[in-house]
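Undergrad: What follows is a predicted structure for the sequence shown.
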Amino acid sequence: MRHALALLALCPAWAGAWEEQRVLDFVTAHSPILQAYQVVTREYTPLSPMRRVLEHTSVFARVSPSSLGSAATTTDNFLVSAGTTVGVQLSIPLASRKEEREHALKALEEVKAVEELRAKVLQDLGVLRQHEAEYEAAELRLALWRDKSGWAQERVKAGYDDVPGLWDIAQKLNEEKAHLGQL
């Protein structure tokens, strides 16, 4: 996230064209932390009733231990007749709110992470906007000192002012150039 905003800081003209919502959407969509939260939230999603039945249903086949002609034997509470048995075993788990509670907690953690990231991005965008404003103000001051320097040079050539006044203006002009370069 900081790398993207650092890139924006290098190009202030581009940064001004960015809308906060688009930046937030981009960062939210491409954050590896948020993607991990989304995976966890999906994994903890409670099963639908049909999916629950499908996951707890099994098909089985059993071979009778005695195939010597006995008519029927009992194995594992199933009646086995003459060699093999095939059936469907359905295991229905007791209803529990644990899955729903775990899912709600995971969803809450995901929402908290999204909001924390959004707050950080908005804070960084605020700093970026402040730097843009400082940059524009420095450009205006630089233009002012350039104009004043040209005006003072004309006054010195005409003999109205002395040269030491030009040095003060040149110093201010250089300070603004340095400040602009720093921004």
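TA: Perfect, I can see it now.
Undergrad: mind checking which helix or strand Pro58 is in?
TA: Not quite, residue 58 is Ser, not Pro. Applying DSSP states H and E as the criterion places Ser58 in strand 57-63.
Undergrad: Beyond the lengthiest helix in the chain, next helix or strand please.
TA: For the chain, the longest helix by residue count, based on DSSP state H, is helix 98-158. Beyond helix 98-158 on the C-terminal side, the first helix or strand identified by DSSP H and E is helix 164-182.
Undergrad: Going by neighbour count, list what's buried in that next one.
TA: When burial is assessed from 16 or more other Cβ atoms under 10 Å, helix 164-182 yields the following buried residues: Ile169, Lys172, Leu173, Glu176. All C-beta spots, glycine's among them, are computed from the backbone N, C-alpha and C.
Undergrad: Relative to His131, how far out is the second one?
TA: Pointing back at Lys172 there. As for Lys172, its distance to His131 is 22 Å (criterion: Cβ to Cβ, to the nearest Å).
Undergrad: Over to the third one?
TA: Distance from Leu173 to His131, counting by Cβ to Cβ: 22 Å.
Undergrad: neighbours around the residue lying closest to Thr45 once chain neighbours are set aside, how many?
TA: Setting aside the residues directly before and after it, Thr45 is nearest to His103 in space (Cβ to Cβ, 6 or more residues apart in numbering), at 5.7 Å. By other Cβ atoms under 10 Å, the residues close to His103 number 17.
Undergrad: Surely His103 is in contact with Pro46?
TA: Yes: A contact is recorded between His103 and Pro46 when judged using Cβ atoms under 8 Å, the distance being 5.6 Å.
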